[in-house]
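Enquirer: Pasting the sequence and the predicted model now:
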Number of protein chains: 2
Amino acid sequence: MSDNKVRLGIIGLGAQGSMYASFIKDGMVPNMEIGAIADIDPAKREVAAAKYGVPVHADYQSLLASGDVDAVVTTVPHYLHPEMGIAALKAGIHALVEKPAGVYTKQVKELNEVAAQHPELTFGIMFNQRNNPLYQRIKEIVDAGEIGKIRRTNWIITTWWRPQGYYEQSAWRATWGGEGGGVLVNQAPHQLDLWQWICGVPKSVYSKVAYGFRRDIAVEDEVTAVVDYGDGATGTFVTAVHDLVGTDRFEILGDKGKIVVDGSKTATVTRLMEDERELSDSMGMEDVRKLFMGEMDPTTYYSQEVVEFDSAWGAQHSGVLENFAANILDGTPLLAPGSDGINGVRLANAIHLSSWLGQEVPLDFDEDLYLKELNQRIRSEGTFPEREAQTVGATAGDRK
Amino acid sequence: MSDNKVRLGIIGLGAQGSMYASFIKDGMVPNMEIGAIADIDPAKREVAAAKYGVPVHADYQSLLASGDVDAVVTTVPHYLHPEMGIAALKAGIHALVEKPAGVYTKQVKELNEVAAQHPELTFGIMFNQRNNPLYQRIKEIVDAGEIGKIRRTNWIITTWWRPQGYYEQSAWRATWGGEGGGVLVNQAPHQLDLWQWICGVPKSVYSKVAYGFRRDIAVEDEVTAVVDYGDGATGTFVTAVHDLVGTDRFEILGDKGKIVVDGSKTATVTRLMEDERELSDSMGMEDVRKLFMGEMDPTTYYSQEVVEFDSAWGAQHSGVLENFAANILDGTPLLAPGSDGINGVRLANAIHLSSWLGQEVPLDFDEDLYLKELNQRIRSEGTFPEREAQTVGATAGDRK
């Protein structure tokens, strides 16, 4: 550290890497400074050197070996996150991986294993939405049992609209071999993470996934998933990139209340006076009559609160950077531990696999089967190498 | 007809039959008068005679033969709707069946066949929600192609909250043998009808259905269904009886727009300036950049309209009665032709069957298999007779 700041190495100066670089340069991350930048593209290295005045590297190994960085962030195509995270941790360098933690669980498991062998190093993941105070508050409410045991969840998140031009920005995007999926791997990992962070990891999933439905791409552009939490509770998750006026509506129904989140901005929290089932059991015929005649006074049974926070642009991402640095410097608890990343990847994999097999699959699906199915799709594509646990490949440096 | 009014025979003076009787008595249905009332319960016959001053009958056959009625409405347990509808039509009497048209498609098919043999008679179904001006307007917008080809539908309709006491009002309710199902058969038929009326009939369905999950009943109290329209379009349907602060949110996404209906009261209609895919294809990098920076001006791409109507209590039901009478009297087109009833029953059957088999089922599923599976559940219950196409049984007269 220099002056008690974490010297961050940025691997990949695409749109995401550039954004983090400017946050740090602009003083939005007081605990950090840029230590070095790596990019395989000479033009980007030139920009990096000129704009940020830091050492630049043509490959991330040389950045790791330079002694100029205490930590790295991996703003590179998804397949590379585990490989680079592992290399950093093995070199004694703290690692903040971009989301998703990887494309398939086998490679993410390996990353988590290496991280577990290095408890002295900080291992984080860029789940910036966990830094949304609204979702933090919702998690608090759920964790405190204020809405009781969860019985049902629904998330429709179709605000990930992307035009065809977006997919044509680079050759790896929206391919099986270069990106490993579509909306599940690139856009929706935030919600897949929040969903399981707040509501728990489901036991099984059934999905309908549309591949190249409304966009000329090989991977998925629309997803419908039904999950089963194994204790009677179920949920749905719907996402798409072709809804220009997208919906973002997340509902959690518990025994003692309900939370409805609109636009990731406003949460309406209902708290029942007692457990819904006890309430149902205690109602007499007169109550039933009132219900049918619309004469029921809801305040007899519940109270409602609307939760809302202001949120500044960029504050979520810079906040994750700052929290990651604070964990390195003084042990401040991590908002998004890197080892949590596998949950979202597992969910995304299970959703893909269910649609490929045409049947419900458990969350502890056969990971070799997943990789085999994925490699089949990479092979048909004929552009990128097939994958193993930790194959090096693809092109670093692009916007996520 | 007397004084050019349709003389309606009400079969079953439970809560629903009583409601229609009072609508007519109160002059809310100018084209109708009560011709006679049938109920198997002597106490209800006494009430009927005293309150409405019309002939009463202990069985519906005697009402049909009395010469006192031009038409009947079947406010009796669901299994009996086809049987009574058939008997009425065969006796030359117009038939308005309560929803659902029946419990299983085999019996409803028979009803439709008899109705087809009697084109001179009016055959309607009490889909009162079709009389909601909001849904009529939405259907107009969709049918006129204003939002383009439908690509996606979602309906979360959990406003059907029912306490345990509701289920204990009568022995037939929420049983396989007496009612034939739960929320799919009793409450949600309205939405199953509107959904397919507006968006079309799907080709297949996969479901997760919870039986006796949050209520002590044999039948379903929560449903999650994923449908496939066969042309890439998909949809979800979620309903439950245990959400005290229920959600009613219906979304239809088309190529040229989107409709979001909240609480069956307000519809936000978005109309794109051009087809979404053409719009996506025409966007350059600068547009993509604006999108990412939140600088996109949505009015460049679409306009929005909020549609809302006032709706008086009871007006939907009395309107269906009035429309049914008008069809008899002067051929006014039927809002809810009886033959449409089978679509909702088929959807409900497919949803049950998918959950029983644990797999996706086509909408043209094996009807004998459905009946066999249903009869298995009736047999285990041990209270009611098994069913064939047109078995007489169960108890008439209760609230729906």
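Expert: Thanks, I have the structure now. All of these numbers come straight from a predicted model, not from anything done at the bench. Residues are numbered from 1 along each chain as shown, chains lettered A, B, ... in the order given.
Enquirer: And the pLDDT for whatever residue of the stretch 51-200 of chain A ends up closest to chain B?
Expert: Among the residues of the stretch 51-200 of chain A, A:Pro163 lies closest to chain B, at 4.1 Å counting by C-beta to the nearest C-beta. Every C-beta, even on glycine, is put in place using the N, C-alpha and C of the backbone. For A:Pro163, the pLDDT comes out at 94.
Enquirer: just the one 4 residues further on next, same as before
Expert: pLDDT, A:Tyr167: 93.
Enquirer: Distance of it relative to B:Glu295?
Expert: A:Tyr167 sits 20 Å away from B:Glu295, taking C-beta to C-beta, to the nearest Å as the criterion.
Enquirer: So between those two, which is more surrounded?
Expert: Between A:Tyr167 and B:Glu295, counted using other C-beta atoms under 10 Å in any protein chain shown, A:Tyr167 has the larger neighbour count: 22 against 10.
Enquirer: Please give me every residue in contact with that one.
Expert: A:Arg173, A:Ala174, A:Arg215, A:Asp216, A:Ile217 (C-beta atoms under 8 Å, 6 or more residues apart in numbering or on different chains).
Enquirer: ok, the closest residue to it other than its chain neighbours to A:Glu168 distance?
Expert: Leaving aside its chain neighbours, A:Tyr167 sits nearest to A:Ala174 (4.6 Å; criterion: C-beta to C-beta, 6 or more residues apart in numbering or on different chains). Using C-beta to C-beta, A:Ala174 is found at 9 Å from A:Glu168.
Enquirer: now do A:Glu373
Expert: In terms of C-beta to C-beta, A:Glu373 sits 26 Å off from A:Glu168.
Enquirer: again, but for A:Gly178
Expert: From A:Gly178 to A:Glu168 the distance is 13 Å (C-beta to C-beta).
Enquirer: Send over stretch A:370-383 as PDB, restricted to the C-alpha atoms.
Expert: Extracted C-alpha coordinates of stretch A:370-383, given in PDB (Å, rounded to 0.1, in the frame of the first residue of the first chain):
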ATOM      1  CA  TYR A 370     -23.300 -28.900 -18.200                       C
ATOM      2  CA  LEU A 371     -19.800 -28.400 -19.500                       C
ATOM      3  CA  LYS A 372     -20.300 -31.100 -22.200                       C
ATOM      4  CA  GLU A 373     -23.600 -29.400 -23.300                       C
ATOM      5  CA  LEU A 374     -21.800 -26.000 -23.400                       C
ATOM      6  CA  ASN A 375     -18.900 -27.400 -25.300                       C
ATOM      7  CA  GLN A 376     -21.300 -28.900 -27.900                       C
ATOM      8  CA  ARG A 377     -22.600 -25.400 -28.500                       C
ATOM      9  CA  ILE A 378     -19.100 -23.900 -28.700                       C
ATOM     10  CA  ARG A 379     -18.100 -26.600 -31.200                       C
ATOM     11  CA  SER A 380     -21.100 -26.000 -33.400                       C
ATOM     12  CA  GLU A 381     -20.200 -22.300 -33.400                       C
ATOM     13  CA  GLY A 382     -16.700 -23.200 -34.600                       C
ATOM     14  CA  THR A 383     -15.100 -19.900 -33.500                       C
END
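Enquirer: Going by neighbour count, which residues in it are buried?
Expert: A:Tyr370, A:Leu371, A:Glu373, A:Leu374, A:Asn375, A:Arg377, A:Ile378 (16 or more other C-beta atoms under 10 Å in any protein chain shown).
Enquirer: and if you look at stretch A:66-76?
Expert: For stretch A:66-76, by 16+ other C-beta under 10 Å, it's A:Asp68, A:Val69, A:Asp70, A:Ala71, A:Val72, A:Val73, A:Thr74, A:Thr75, A:Val76.
Enquirer: So for the fifth one, what's the nearest residue that isn't a sequence neighbour?
Expert: The one in question is A:Val72. A:Gly9 (4.1 Å).
Enquirer: pLDDT wise, what is the one you found at?
Expert: For A:Gly9, pLDDT reads 98.
Enquirer: does A:Gly14 really touch A:Thr75, like I thought?
Expert: Yes: using C-beta atoms under 8 Å, A:Gly14 is in contact with A:Thr75, at 6.1 Å.
Enquirer: Helices of the stretch 251-400 of chain A, residue ranges please.
Expert: A:276-282, A:285-292, A:315-330, A:341-357, A:367-381 (DSSP state H, counting those that start in this stretch).
Enquirer: Give me the angle between the longest one and helix A:367-381.
Expert: Same thing as helix A:341-357. Put simply, helix A:341-357 runs at 60 degrees to helix A:367-381, going by axes from the mean of the first three to the mean of the last three C-alpha atoms, to 10 degrees.
Enquirer: Can you name every helix or strand that helix A:341-357 contacts?
Expert: helix A:105-116, helix A:189-199, strand A:204-211, strand A:220-228, strand A:361-362, helix A:367-381 (3 or more C-beta pairs under 8 Å, 6 or more residues apart in numbering or on different chains; DSSP states H and E).
Enquirer: what's next to the helix or strand bottoming out on mean pLDDT in chain A, contact-wise?
Expert: When the helices and strands of chain A are scored by mean pLDDT, DSSP states H and E, helix A:285-292 comes last with a mean of 79. With C-beta under 8 Å, 6+ apart as the test, helix A:285-292 has contacts from A:Glu295, A:Met296, B:Ala15, B:Trp161, B:Pro163, B:Gly165, B:Tyr166, B:Gln169.
Enquirer: just to revisit the earlier point, looking at A:Gly178 and A:Glu168, which one has more neighbours?
Expert: Using other C-beta under 10 Å as the criterion, A:Gly178 and A:Glu168 rank with A:Gly178 on top: 24 against 14.
Enquirer: Look up the closest residue to the more buried one, ignoring the ones flanking it.
Expert: A:Trp172 (2.8 Å).
Enquirer: Straight-line length of stretch A:305-316, end to end?
Expert: 24 Å (C-alpha to C-alpha, to the nearest Å).
Enquirer: May I see the buried residues of that stretch?
Expert: Within stretch A:305-316, judged by 16+ other C-beta under 10 Å, the buried ones are A:Val307, A:Ala315, A:Gln316.
Enquirer: Can I get those residues in a markdown table including pLDDT and distance to chain B?
Expert: Formatted as a markdown table, the buried residues of stretch A:305-316 follow (pLDDT from 0 to 100; distance: C-beta to the nearest C-beta, whole Å):
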| residue | pLDDT | distance to chain B |
| --- | --- | --- |
| A:Val307 | 97 | 15 |
| A:Ala315 | 84 | 14 |
| A:Gln316 | 90 | 14 |
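Enquirer: from the residues you listed, which single one is nearest B:Ala225?
Expert: A:Val307 (31.0 Å; C-beta to C-beta).
Enquirer: mind listing the helices for the stretch 1-150 of chain A?
Expert: So, for the stretch 1-150 of chain A - with DSSP H, counting those that start in this stretch - the helices run A:15-25, A:42-52, A:60-65, A:80-90, A:105-116, A:133-143.
Enquirer: Run through the residues that contact the closest residue to A:Gln136 other than its chain neighbours.
Expert: Spatially, and ignoring its direct neighbours in sequence, A:Gln136 is nearest to A:Arg130 (7.2 Å; C-beta to C-beta, 6+ apart). A:Arg130 is in contact with A:Gln136, A:Asp193, A:Leu194, A:Trp197, A:Val320, A:Leu335, A:Ala336, counting by C-beta under 8 Å, 6+ apart.
Enquirer: tell me the pLDDT at A:Ser2?
Expert: Looking at A:Ser2, the pLDDT reads 61.
Enquirer: Low-confidence bits of chain A, can you list those?
Expert: Applying pLDDT under 70 to chain A flags the ranges A:1-3, A:312-313, A:389-400.
Enquirer: Pull the contacting residues for A:His94.
Expert: A:His94 touches A:Val6, A:Asp70, A:Ala71, A:Val72, A:Ala88, A:Leu121, A:Thr122, A:Phe123, A:Gly124, A:Phe324, A:Ile328, counting by C-beta under 8 Å, 6+ apart.
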